[in-house]
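J.: Here is my input; please provide its structure:
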Amino acid sequence: MDIDIKDFIFRQPSFPKEVVTDKYYLAVANKLMAIFKRSALAQVVHESVGKRMSIGLTGYFQDIIADAGIWRSFTDANRKLYGFAVPFHFAGEEYVDYELNREDVRFMVWYFVAMSYEDMRDIYPHDARIIELADNWFAYLDSIYEDSPEPEDFNIARGLEFKDPEDQEAIYHLGQWLFLHCYLMTPAFAMTLSEIMSDPELMSGEDITKLHSRMEQSMMEDPTGPLALYIIEWLRLIIEGKLPEKKVNDKGVHPYYTKFMEVTGGRRIQYFADYKQMNEFFIEKMGWDKNQEHLPVLKDSGYFCVLVNPERGMLVARNVAKCIADPDNPYYDKEYASAHAFDLLTVRGKCPADLVKFAYENDWLPDAVFPGTDDKELVKTNHDFIMRCYLQQYYRD
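T.: Modelled structure (predicted):
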């Protein structure tokens, strides 16, 4: 076997306990691994990624068999947010909510590869290698779907109520499992986890209490999963079916917004070729202190976009103006945008999410595509999901 019982149980809700159905689903994971090893994707993806993918897809299959509510909550949230069940794939009449679907498996294969393997982080969701493996995996799972036993202990959310004090410990345990082990959450959290693990202070010496404390903090403060929800939000979505409510602005309009709109004649966005030009705008138009270098950390950058938001005030993005196809943007460069616009949706810290959303509201990011493709419509339709999935805390912040 390529996957041993210890690796498999680590991702199960009953960890570290082994339950009766674990052996059955371990065999499923190993069958998926065998199919992966014969795929074209296996020629470019490391075997360790294949193992994580096989265990992860087995988790999806267990969820579907048990109706554990994790996949159900994800597709329900997608329908409320976007009007479709699964990103990147049109769910036709053959799609059955909350059951095994080809489109689900195709999405999950893309999700595992893009989130788990840095070298293929921008892989096209309809890449032939993704489709080949997904369809072969689906064919196998479909052949055993009706006869597979309900996985023991997988449905740990059933019957829980937030208002019941007796359920608080079980809800906390569910939150821990979702954050640290769940097939749907962990791929999107991989980059954040890598950043945490690269902290020499946390990883030095034999004392792991600092790392445990940091992970507890991350569980409370960092979003996770493909929709970049916080764990409390995932719990409410799974247990109560509730998406997080939009926060109501009770602080009034930000003064920067008011002043900016006044000096620009009602335009929320301005473009600057270099730092000097932008700094002059801050002094001469916004009335900031004269003879000062404002935001000096940006001095070595260029092609700025400055956007104002009624609630947040002013957002500044550097090295992105050439990607914004605003008719009033003199620095838009189609050739440059074709190579770099997609980064605005996927590279953390590259561009404020509000600016990307504003650009899409005005149809100003027509060149954003998965590298090597010209499928602009796929990115346009799924742009908010793409940002959530890739950017995580940078989307939420």
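J.: I'd like to check which residues are in contact with Asn30.
T.: With contact set as CB atoms under 8 Å, 6 or more residues apart in numbering, Asn30 has these partners: 1-3, 54. No exception for glycine: its C-beta is placed from N, CA and C like everyone else's.
J.: List only buried entries from these.
T.: If you count burial by 16 or more other CB atoms under 10 Å, the buried members of the contacts of Asn30 come out as 3, 54.
J.: I'd like to know which of the contacts of Asn30 is nearest to Asn309.
T.: Of all the contacts of Asn30, Asn309 sits closest to Ser54, with 43.5 Å by CB to CB.
J.: After the worst-scoring helix or strand of the chain on mean pLDDT, which helix or strand is next? Please name it.
T.: Lowest on mean pLDDT, DSSP states H and E among the helices and strands of the chain sits helix 200-203, with a mean of 70. Following helix 200-203 in sequence order, the next helix or strand is helix 209-221 (DSSP states H and E).
J.: Settle this for me: Thr21 is touching Ala66, isn't it.
T.: No - counting by CB atoms under 8 Å, Thr21 stays clear of Ala66, with 9.6 Å between them.
J.: residues shared between the contacts of these two?
T.: Residues within reach of Thr21 and of Ala66 at once, by CB under 8 Å, 6+ apart, are 150-151.
J.: okay, now Tyr172: neighbour count?
T.: 13 (other CB atoms under 10 Å).
J.: Tell me how far it lies from Met286.
T.: Tyr172 sits 47 Å away from Met286, taking CB to CB, to the nearest Å as the criterion.
J.: Tell me the buried residues in the helix or strand hosting Ala34?
T.: Element membership of Ala34, judged by DSSP H and E, is helix 22-37. Applying a neighbour-count criterion of 16+ other CB under 10 Å, one finds 22, 25-26, 28-33, 35-36 buried in helix 22-37.
J.: Helix, strand, or coil at the residue nearest to Tyr98 when sequence neighbours are not counted?
T.: Residue nearest to Tyr98 in three dimensions, not counting chain neighbours: Arg72, with 5.0 Å by CB to CB, 6 or more residues apart in numbering. Of the three states, Arg72 takes helix according to DSSP: H, G, I helix; E, B strand; the rest coil.
J.: With Val86 instead?
T.: Of the three states, Val86 takes coil under three-state DSSP.
J.: cool, and Gly372?
T.: Assigned by three-state DSSP, the conformation of Gly372 is coil.
J.: In contact with it: list those residues for me.
T.: Tyr124.
J.: name the helices or strands packed onto the longest helix anywhere in the chain?
T.: Identified as the longest helix of the chain according to DSSP state H is helix 47-66. Under the contact criterion of 3 or more CB pairs under 8 Å, 6 or more residues apart in numbering; DSSP states H and E, helix 47-66 touches helix 5-9, helix 22-37, helix 70-82, helix 102-116, helix 128-144.
J.: picking that back up, can you put the buried residues of helix 22-37 in CSV and add pLDDT and distance to Val253?
T.: Below are the buried residues of helix 22-37 laid out as CSV (pLDDT from 0 to 100; distance: CB to CB, whole Å):
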residue, pLDDT, distance to Val253
Asp22, 95, 56
Tyr25, 97, 54
Leu26, 97, 57
Val28, 98, 56
Ala29, 98, 54
Asn30, 98, 59
Lys31, 98, 59
Leu32, 98, 54
Met33, 98, 56
Ile35, 98, 57
Phe36, 98, 54
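J.: for those, which one is nearest Ala317?
T.: The closest of the buried residues of helix 22-37 to Ala317 turns out to be Phe36 (CB to CB; 39.5 Å).
J.: For the nearest residue to the closest one once chain neighbours are set aside, list the residues it contacts.
T.: Among residues not flanking Phe36 along the chain, Gly50 sits closest, at 4.4 Å (CB to CB, 6+ apart). Gly50 makes contact with 33, 36-37, 41-42, according to CB under 8 Å, 6+ apart.
J.: and which of the residues you listed is nearest to Tyr390?
T.: Among the contacts of Gly50, Leu41 lies closest to Tyr390 (CB to CB), at 20.2 Å.
J.: how many neighbours does the residue nearest to the closest one when sequence neighbours are not counted have?
T.: Take Leu41 and drop its neighbours on the chain: the residue closest to it by CB to CB, 6+ apart is Arg129, 4.4 Å away. Residues lying near Arg129 (other CB under 10 Å) number 19.
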